[in-house]
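Student: Here's my sequence, what's the structure:
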Amino acid sequence: MKTEATKQICGEVYPTLSYMILIYNILINKLEDFYDTPDRFKNGKEAANKAINKLQDYYNKTDTTLYSTSLILDPRIKFEYINNNK
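Tutor: Numbering: from 1, shown residues only. Purely as a prediction, here's the structure:
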């Protein structure tokens, strides 16, 4: 699960603000996929659910002008992410 998100964070000395929303989305999606897999053991599902809830707490804090502006100003992301995730 640490593949894409870890690569993004480790690729820079400090993660940029614009990447944090993308990283939260990647991690939440991966954990939801894990949780939704029928043959997962109970403890794994409980851990995934707790991790999802914690990440969603942090993700909810990104609904600010600062995060939106950082996405728009980042030449790698710009409006594409915002338009695709309304």
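Student: Let me know the pLDDT of residue 20.
Tutor: Note on residue 20: pLDDT of 84.
Student: helix or strand for it, which one?
Tutor: For residue 20, the enclosing helix or strand under DSSP states H and E is helix 17-36.
Student: so where's this protein shaky on pLDDT?
Tutor: Across the chain, residues meeting the criterion (pLDDT under 70) sit at 1-15, 78-79, 81-82, 86.
Student: Helices along that one, start to end?
Tutor: 3-10, 17-36, 42-60, 65-73, 78-84 (DSSP state H).
Student: Deepest-packed of those, please.
Tutor: helix 17-36 (a mean of 17; mean count of other Cβ atoms under 10 Å). Quick note: C-beta positions are derived from backbone N, CA and C, even for glycine.
Student: list the helices and strands that helix packs on?
Tutor: helix 3-10, helix 42-60, helix 65-73 (3 or more Cβ pairs under 8 Å, 6 or more residues apart in numbering; DSSP states H and E).
Student: Please tell me how far the most centrally placed residue in the chain sits from residue 57.
Tutor: Nearest to the geometric centre of the chain sits residue 24, at 1.3 Å (Cα atoms, centre = their mean). Residue 24 is 10 Å from residue 57, where distance means Cβ to Cβ, to the nearest Å.
Student: For the nearest residue to the residue nearest to the centre of the chain once chain neighbours are set aside, give me its contacts.
Tutor: Once flanking residues are discounted, residue 24 sits nearest to residue 59: 4.4 Å by Cβ to Cβ, 6 or more residues apart in numbering. Counting by Cβ atoms under 8 Å, 6 or more residues apart in numbering, residue 59 touches 21, 24-25, 28.
Student: Thanks a lot, catch you later.
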